[in-house]
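Undergrad: Sequence first, then the predicted structure:
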Amino acid sequence: MARLKTITPRLTDSTGSRVKVVNPSSWRCGKTSSQRGYNYKWQKARERHLLDHPLCVYCARLGRTTAATVVDHVTPHRGDMTLFWDQSNWQSLCKPCHDSVKQAEEAAGLG
């Protein structure tokens, strides 16, 4: 039987255990989460929103009842703090929906 070749890693640009995934031309580049608006004030507003809207809206559309853990911006704010704090632009999502369905929509230009 033939021996399997060892696969060499393709990721080369990393800092510690985190891989850089931010595009250098992105509005996020070089900013901490706090500098992007996700600070103590956001954590309190997020907590309040999840108390008022505890279920994932994507799951609800499919007839499922799932607790939401993420407050998502319906329209990506891309650093616009007016849009960031516009509560009518917030929706509650579960983490799986946020990390798969929502990200796929944005990648397809639907978000």
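TA: Arrived safely, thanks for sending.

Undergrad: Show me where the protein has its strands.
TA: In the chain, the segments counted as strands under DSSP state E are 14-15, 18-19, 70-73, 90-93.

Undergrad: any idea which helix is longest in the chain?
TA: Ordering each helix of the chain by length in residues (DSSP state H) puts helix 40-52 first.

Undergrad: Let me see the mean pLDDT of that helix.
TA: Across helix 40-52, the average pLDDT comes to 96.

Undergrad: again with stretch 91-110
TA: Mean predicted confidence for stretch 91-110 is 90.

Undergrad: Residues in contact with it: which ones?
TA: 49-50, 53-59, 66-72, 74, 76, 111 (Cβ atoms under 8 Å, 6 or more residues apart in numbering). From N, CA and C alone the C-beta is placed, and that goes for glycine too.

Undergrad: Which residues does the longest helix of the chain contact?
TA: Helix 40-52 is contacted from outside by 68-69, 71, 85, 87, 90, 92, using Cβ under 8 Å, 6+ apart.

Undergrad: Farthest-apart pair in those, please.
TA: The distance between the two most remote of the contacts of helix 40-52 (Cβ to Cβ) is 20.3 Å, for Thr69 and Trp85.

Undergrad: now the helices for this protein?
TA: Using DSSP H, helices in the chain cover 40-52, 57-61, 81-85, 95-96, 103-107.

Undergrad: CA atoms only: put the third one into PDB for me.
TA: As requested, C-alpha coordinates have been extracted for helix 81-85 and formatted as PDB (Å, rounded to 0.1, in the frame of the first residue of the first chain):
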ATOM      1  CA  MET A  81     -21.800  54.600  14.600                       C
ATOM      2  CA  THR A  82     -25.300  56.100  13.800                       C
ATOM      3  CA  LEU A  83     -26.200  52.800  12.100                       C
ATOM      4  CA  PHE A  84     -24.400  50.800  14.800                       C
ATOM      5  CA  TRP A  85     -26.600  52.200  17.500                       C
END
